[in-house]
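Trainee: Everything below, folded, please.
(one chain, ligands or ions: 1)
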Amino acid sequence: MTTQEKQTELDKIAQEIISKKCGLAIANACLNPVPGIGNSDAQLMFIGEAPGAQEDKLGEPFVGASGKFLDEMLASIGLDRTEVFITNIVKFRPPKNRDPTAKEIAGCLPYLYQQIEIISPQLIIFLGRHSMNVFLPELKISEAHGKIYRRSKMVFLPLYHPAAALYNGSMRATLFEDFSTIPSILNELKN
Ligand code: URA
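Mentor: Numbers count the residues shown, from 1 in each chain. This is a model prediction of the structure:
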C-alpha cells in the first residue's frame, strides 16, 4: 500500500470509530473520540492507555502534560510526532479518567489491530503497563520496560507511562534512557 492508500484506510477506521463509537457507553459520555494521529507509514507506533481531559477536548492523543513530555522525548532522539503514529488502547475518555474496563478495551481493540495492520510499524511502543498488559499480560512494567518482546511478527518495547514519570525524577531518567535506545533498536530491525 502507498502512504496515501494507508492514510485513506486509517481515515476510514477513524470514521468508523466516530460513527459506531465502538458500541460503548463511554463514547456517549465523552466530548470527542480520539482515534489516533500521525504518519500512516510510521516505523514507530506509540500506544497509550486512554485519552485524558485535554485529548477529549481536542480529539487528539497525548496533547496534555504527558503529551508535551512525549514530544520532549521524541525530540531527544531527533523525531517529532509527525514522523510516528500515536494512539491509545481505548479511543474515548473514561469518566473521571478511571481505568478502562475489560469491555471497553475489547470494544476498541479491533480498531487498534486494524491500525497496526495498516501502518505495519517496525516497532510498537507501549506507554505504560495498561497498554503493555493488553498484549503481554504476564509482564510487570518495572521489569519489562526497555526490553524487546516479539509476538507473531510484531516487535514490542514497553516503556513507563510519561504521566507516571513526569514528576518522578528517577523514573523520568529511566524513561529518557529507554527512549535513547530506540534508534539503535530500529537500525537492528532494519538489518
Ligand atoms: N494518557 C494516555 O494514556 N493517553 C493519552 O492520549 C493521554 C494521556
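
Trainee: Which residue would be the closest one in the chain to the ligand?
Mentor: G48 (2.9 Å; CB to the nearest ligand atom). Where C-beta positions appear, they are placed from N, C-alpha and C, glycine not excepted.

Trainee: I'd guessed that residue sits against S131; true?
Mentor: Yes. With contact defined as CB atoms under 8 Å, G48 counts as touching S131 (6.0 Å).

Trainee: phi, psi of Y149?
Mentor: Y149 adopts backbone torsions of phi -130, psi 140, taken as degrees, to the nearest 10.

Trainee: Same check on I86?
Mentor: Here is the backbone geometry of I86 (degrees, to the nearest 10): phi -120, psi 130.

Trainee: how far away is it from I119?
Mentor: I86 is 11 Å from I119, where distance means CB to CB, to the nearest Å.

Trainee: One more: V34?
Mentor: Distance, V34 to I119, using CB to CB: 17 Å.

Trainee: quick revisit: quick one: common contacting residues for G48 and S131?
Mentor: Shared contacts of G48 and S131 (CB atoms under 8 Å, 6 or more residues apart in numbering): N88, I89.

Trainee: which of V34 and I119 has more neighbours?
Mentor: Neighbours were tallied for V34 and for I119 using other CB atoms under 10 Å; the higher tally belongs to V34 (28 against 25).
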